[in-house]
Each structure stands twice: as C-alpha cells, then as structure tokens.
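A.B. asks: Kindly generate the corresponding structure for this input.
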Amino acid sequence: MLNITQLLQDAIYFDNKIIDQRDLLMGSNAHLQEIVVNCDRSLAACYEPKIDYRMQKNGVQKLEHEELLRRFVITLHWFLLFSARKQWTHLVVMSEQDYQRLLKSQRSSQLAKADQQYLTIKYFLMASYYTHRQADFRHAWHLLLKYGLVDLELTPKEIMQKHEELIKTNLSK
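C.D. replies: Residues are numbered from 1 along each chain as shown. Next up is the predicted model:
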C-alpha cells in the first residue's frame with residue numbers, strides 16, 4: 001500500500017524548502033494557483049494517448065516505464081500539495097478496504113475510456129479549485145491513483161522510491 005502520509009509530508013516539506021531557498025514571495029492564493037497549474041501540466045505530461053493525432057514525422061513515441069513513473073510521481077506530488085494548501089489532507093488518506101477496491105478497478109485499455117478518465121480527472125480537479133467542493137477533489141484523487149496503480153501498473157514501492165529520489169535531487173539544487 002502507498003504510504004500516502006509519508007508522500008504528503010515529503011511534498012509539504014519540499015514545498016516549504018523551495019519557497020525558502022528561492023525566496024519566492026507570493027501570497028497563498030497565487031501559490032495555490034501555481035500548484036493547480038502544475039497539477040494540470042503534470043497530468044497532461046503523464047497522460048499517454050494510444051493514438052497521437054499531432055502532425056509529426058516520427059509518429060507516436062511511446063514513453064518508457066521509468067519516464068511514465070517519473071511523470072506520474074510528479075503529478076502525484078502536485079495533487080498532494082493541492083490537498084495540503086486547501087487543508088484537505090484528510091481526502092487523500094484511504095482505508096485499506098478502499099485501497100484494495102481501487103486496485104481491483106478495471107484497467108482503462110480502450111482509447112475512449114482512457115481519454116474520458118483523463119478528462120474526468122482534470123474536470124474534477126478544476127471543479128474542486130473553483131467551487132471548493134471537497135468531493136470533487138476526492139474523486140480526482142482516486143481516479144489519479146487508479147490511473148497510476150492500475151492503468152500504468154506502477155507499484156507502490158517504485159512510486160515511493162521515485163518520489164524520495166525526486167525530492168532529494170531537487171532539494172540539492
């Protein structure tokens with residue numbers, strides 16, 4: 001099982017250190033907006049469509065497992081920070097029963113379902129930001145975890161290790 005509490009603590013610690021190190025002077029509202037933008041950007045970066053409709057010479061370039069892991073962990077990090085800044089950390093913690101139910105979810109293998117899942121995560125994230133509805137964020141969070149653990153088939157161990165690695169690497173800069 002993912003140690004969400006540890007991930008959350010690391011994300012908050014990292015955020016506080018970065019603000020101190022870089023002397024970023026921004027109000028809490030501007031900081032929350034920055035976090036939401038990073039949630040959106042990182043979610044788009046880790047989403048891998050089955051068909052690439054962009055006009056490019058080389059066609060689709062499938063992301064390697066390690067790169068998908070890195071992108072997913074970055075997205076997870078920003079979602080955790082969002083929950084912390086909104087003071088909604090209680091929404092990211094899951095019971096063992098809920099976690100097991102999530103792992104038993106059906107994998108989104110069809111293009112239409114994968115697209116719908118991506119758009120749904122994005123919709124509920126943005127709705128939670130604009131309407132301040134905690135239920136919307138909880139739904140986005142659960143779908144994000146399902147995407148990483150079920151659809152991308154990432155393991156809790158590799159997610160935890162990659163998050164720790166990213167925190168250490170970025171704090172040393």
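A.B. asks: Could you name the helices and strands sitting against the lowest-mean-pLDDT helix or strand in the chain?
C.D. replies: Here the helix or strand of the chain ranked lowest by mean pLDDT, DSSP states H and E is helix 4-22, holding a mean of 83. Packing partners of helix 4-22 (3 or more Cβ pairs under 8 Å, 6 or more residues apart in numbering; DSSP states H and E): helix 65-85, helix 156-171. (Each C-beta comes from the backbone N, C-alpha and C, glycine too.)
A.B. asks: so of those, which one's packed in deepest?
C.D. replies: Of all the helices and strands packed on helix 4-22, helix 65-85 has the most neighbours on average by mean count of other Cβ atoms under 10 Å, namely a mean of 21.
A.B. asks: What helices and strands are in contact with that helix?
C.D. replies: If you count contacts as 3+ Cβ pairs under 8 Å, 6+ apart, helix 65-85 packs onto helix 4-22, helix 28-46, helix 111-131, helix 134-146, helix 156-171.
A.B. asks: Export these to JSON lines and append columns for distance to residue 73.
C.D. replies: Below are these laid out as JSON lines (distance: least, Cβ to Cβ, whole Å):
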{"stretch": "helix 4-22", "distance to residue 73": "9"}
{"stretch": "helix 28-46", "distance to residue 73": "9"}
{"stretch": "helix 111-131", "distance to residue 73": "16"}
{"stretch": "helix 134-146", "distance to residue 73": "11"}
{"stretch": "helix 156-171", "distance to residue 73": "5"}
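A.B. asks: from those, which stretch is densest packed?
C.D. replies: Of all those, helix 134-146 carries the top mean neighbour count, a mean of 20, counting by mean count of other Cβ under 10 Å.
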